[in-house]
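**Q** how would this look folded up:
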Amino acid sequence: MWGFYQTYSDDHSRLVENTMYIIYSIKIVSFDICFYSFFFQCILQFLFEFFHYTVLQIDKTFIIPCGSLVNMVKDGNVVGGDKGFRIDRRSVLSITGTSAFVGLAGCAGGDNGESDDTTDDTTDDATDDTQQTDDVLPDTLVIGNPSPAYSSANIPAFSAFSDRMEERGVSVDVEVFNDFTAVIASLMTEDIHFGFMEPVTLINSHLEGFPVVSFMELAQRITQVVVSQPEIEDWEELRGETLLAHAPQSFSALALQLAVEENLGSVDAVDYSYVAGTPNRFSAMEAGEALATTVFPSAGMEAEEQGIGRVLYDPNEHLEPMTMSQWGVLEEQLDNHPEMYQIIVDDMLEAYRDMYESDPRSIAENALDSPAGFPDYSVDVWADTIDWATELDMWPTDLSNMLTDEKMQATMDIAIQTDLLEESVPTEDIVDHRFLE
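**A** Numbering: from 1, shown residues only. All right, here's what the predicted structure looks like:
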């Protein structure tokens, strides 16, 4: 089967977030005791990595120990699968989150955390201000993705946007994770410049005290459809069965619960399990471990083309456009580098517009050629997926219509309806509109 499995409960996600928050808070406080804090910081660094690495292993099913901090990439494939899928990155064992927090121990040095007699020789650090183009953009712009798979929503970022950055002399790199908690952690450690985020994760992170905000909308449609085994003809056949989604706080879970409630009358009519990554859920279904799952539309079309599944439900048929995903960033980064993020917003907006103006096949070929790990489906499947997305107005092209109170509230209402969120929060608490006005 394809790649790793990662399953965990909502309690685990909360436990990880709470543990990270406590340790992170202690680390910040210890800054004020610089003279005594070097050894203390080292201990806290170990605790941060240890808890983030081990907590997710407590679950009944072992898959990737904290897919959030350790991403094993070998020969262009995610290790652990007999098929794998293309990720155009160097062969590394990338332990994200380590260098930045260890750097905090150097508070007795200069203002940037370096000691008086040493400098940071990590040339690909996402926040290294010494390697910039035109004193605004870094040589490498690092984007965090919460899954080893990529949806149609990612296409503008890794096609037209990447092309525009390349024209500016900037390469776009992708840091691959296995859940949204990992993206939050990497934002906190400043290992990425910004990351793919969904409102539920952003809101819960805000409620836990993490200073992460959204600065631009990514997609206003759900990039998930429900695919069943080909022999399933009626939703009643799924009652009481276990269905798969990406993660408890993801819109994969929201799409699945919306579908279950719409067709079976209650979100509790089935059991839920979680497997990170569309290809992995697809493989689990192929192996007979589930009767249905949420997958990206491209995977749904591929399933139907191969005769191994059928698209049972598209939640977008019953929903108006609302904020379904956004770009998240550490709030202080917007304050420290406003010119950089203004350029990112401007170029990303043009990339969105290109989706509606360019030939779908050309876009598909460009995306499949990018550093991102788009599943290696046919160009025809991806072109059809892009047609599907543009017909739905997947990408907003008007800045004033991004992350509005109305769209955010509609999203929060659905998340509360499906028990993914306990309470809504004011939009201004989780959104920075400075580039959208």
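**Q** switch to C-alpha atoms for all contacts and neighbour counts from now on
**A** Noted.
**Q** can you count the residues close to Glu302?
**A** Counted by other CA atoms under 10 Å, the residues lying close to Glu302 total 20.
**Q** wait, doesn't it sit right on Val381?
**A** Yes. Between Glu302 and Val381 there is a contact under CA atoms under 8 Å: 6.6 Å.
**Q** joint contacts of these two?
**A** Common contact partners of Glu302 and Val381 (CA atoms under 8 Å, 6 or more residues apart in numbering): none.
**Q** secondary structure class for Ser273?
**A** Assigned with DSSP: H, G, I helix; E, B strand; the rest coil, Ser273 falls in the strand class.
**Q** and the residue lying closest to it once chain neighbours are set aside, how far from Ala255?
**A** Of all residues not flanking Ser273 in the chain, Leu244 sits nearest, at 5.0 Å (CA to CA, 6 or more residues apart in numbering). Taking CA to CA, to the nearest Å as the measure, Leu244 falls 11 Å from Ala255.
**Q** joint contacts of those two?
**A** Joint contacts of Leu244 and Ala255 (CA under 8 Å, 6+ apart) are Thr294.
**Q** can you pull out the helices in the stretch 151-300 of the chain?
**A** 160-167, 180-188, 199-207, 251-264, 278-286, 297-306 (DSSP state H, counting those that start in this stretch).
**Q** mind exporting the second one as CSV, just the C-alpha atoms?
**A** Coordinates of the C-alpha atoms in helix 180-188 are reproduced here as CSV (Å, rounded to 0.1, in the frame of the first residue of the first chain):
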residue,chain,number,x,y,z
PHE,A,180,-1.9,20.6,10.7
THR,A,181,-0.5,20.6,14.2
ALA,A,182,2.9,20.1,12.6
VAL,A,183,2.4,23.1,10.4
ILE,A,184,1.6,25.2,13.5
ALA,A,185,4.7,23.9,15.2
SER,A,186,6.9,24.7,12.2
LEU,A,187,5.4,28.3,12.0
MET,A,188,6.3,28.7,15.7
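**Q** switch to numbering from 23
**A** Sounds good: first residue 23 from here, last item helix 202-210.
**Q** so, low pLDDT: which residues of the stretch 23-172 of the chain?
**A** Along the stretch 23-172 of the chain, segments meeting pLDDT under 70 span 23-156.
**Q** mind redoing it with 50?
**A** The stretch 23-172 of the chain contains residues with pLDDT under 50 at 23-35, 46, 49-61, 63-64, 70-155.
**Q** hmm, back to that, which residues does the residue nearest to Ser295 bridge with?
**A** With DSSP bridges as the criterion, Leu266 is bridged to Ser295, Thr315.
**Q** contact partners for it?
**A** Tyr294, Ser295, Tyr296, Val297, Arg303, Ala312, Ala314, Thr315, Thr316.
**Q** give me the neighbour count for the fourth one.
**A** Using other CA under 10 Å, Val297 is surrounded by 24 other residues.
**Q** winner for burial among the helices of the stretch 173-322 of the chain?
**A** Counting by mean count of other CA atoms under 10 Å, helix 202-210 has the highest mean neighbour count of the helices of the stretch 173-322 of the chain, with a mean of 26.
**Q** which elements pack onto it?
**A** Taking 3 or more CA pairs under 8 Å, 6 or more residues apart in numbering; DSSP states H and E as the contact definition, the neighbouring helices and strands of helix 202-210 are helix 32-52, strand 162-167, strand 216-219, helix 221-229, strand 234-241, strand 347-352.
**Q** can you do 7 Å?
**A** Here helix 202-210 touches strand 216-219, strand 347-352, going by 3 or more CA pairs under 7 Å, 6 or more residues apart in numbering; DSSP states H and E.
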